[in-house]
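Chemist: my questions concern the predicted model and sequence given below.
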Amino acid sequence: MSRSRKKTPIFGIASAKSEKQDKQIWHSRLRSRLRTTLTAIPPGQLDGYIAPVNKDVSSVWSMAKDGKRYFHPRKQIAMAARMAQRGKTSIERQSLKIRLLRKLTAK
């Protein structure tokens with residue numbers, strides 16, 4: 001897996017790496033809300049039951065990330081080249097650029 005890379009350069013907008021915990025909490029709330037409402041309704045009235053909508057349980061604005069963006073490879077290369085300018089020699093700048101590009105495309 002040392003050479004695995006992202007096939008599509010899409011990144012989350014925020015410092016969070018994952019929304020796994022947020023999604024676990026959200027699904028747990030949804031399941032508990034379903035359980036409590038289904039036990040409160042008598043079996044004869046289940047025909048008119050409407051399940052809670054995702055927005056009733058949680059908000060995407062309260063999660064760790066603020067969405068995702070496509071990061072074009074040409075822009076990645078340009079950004080890595082700009083950041084690599086702090087290298088003193090051309091060899092150092094080239095190795096910095098390669099290291100930054102590998103960091104961006106790593107999983």
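Modeler: Great, that's in hand. Quick caveat: nothing in here was measured; it's all calculated off a predicted structure. Numbering: from 1, shown residues only.

Chemist: could you check the pLDDT of the residue lying farthest from the centre of the chain?
Modeler: In terms of distance from the mean C-alpha position of the chain, Gly44 ranks first, at 42.1 Å (CA atoms, centre = their mean). We have a pLDDT of 82 for Gly44.

Chemist: gap between it and Ile50?
Modeler: Relative to Ile50, Gly44 is positioned 16 Å away (CB to CB, to the nearest Å). From N, CA and C alone the C-beta is placed, and that goes for glycine too.

Chemist: cool, and Trp61?
Modeler: Counting by CB to CB, the gap from Trp61 to Ile50 is 24 Å.

Chemist: just checking, what packs against the biggest helix by length in the chain?
Modeler: Secondary structure of the chain per DSSP state H: the longest helix is helix 20-40. Judged by 3 or more CB pairs under 8 Å, 6 or more residues apart in numbering; DSSP states H and E, the packing partners of helix 20-40 are helix 54-57.

Chemist: quick one: name whatever helix or strand follows the helix it packs on.
Modeler: Tracing the chain C-terminally past helix 54-57 and defining elements by DSSP states H and E, one meets strand 68-70 next.

Chemist: what are the contacting residues of that following strand?
Modeler: Applying CB atoms under 8 Å, 6 or more residues apart in numbering, the contact partners of strand 68-70 are 8-13.

Chemist: can you pick out the most distant pair from those residues?
Modeler: Across the contacts of strand 68-70, the longest distance by CB to CB is 15.7 Å; it joins Thr8 and Ile13.

Chemist: and those two? which has more neighbours close in?
Modeler: Shown here are Thr8 and Ile13; by other CB atoms under 10 Å, Ile13 has more neighbours (10 against 6).

Chemist: skipping adjacent residues, who's closest to the more buried one in space?
Modeler: If the residues on either side of it in the chain are set aside, Ile13 comes closest to Asp66, at 4.5 Å by CB to CB, 6 or more residues apart in numbering.

Chemist: surely that neighbour is in contact with Ala14?
Modeler: Yes - applying CB atoms under 8 Å as the test, Asp66 and Ala14 come out as touching, 5.4 Å apart.
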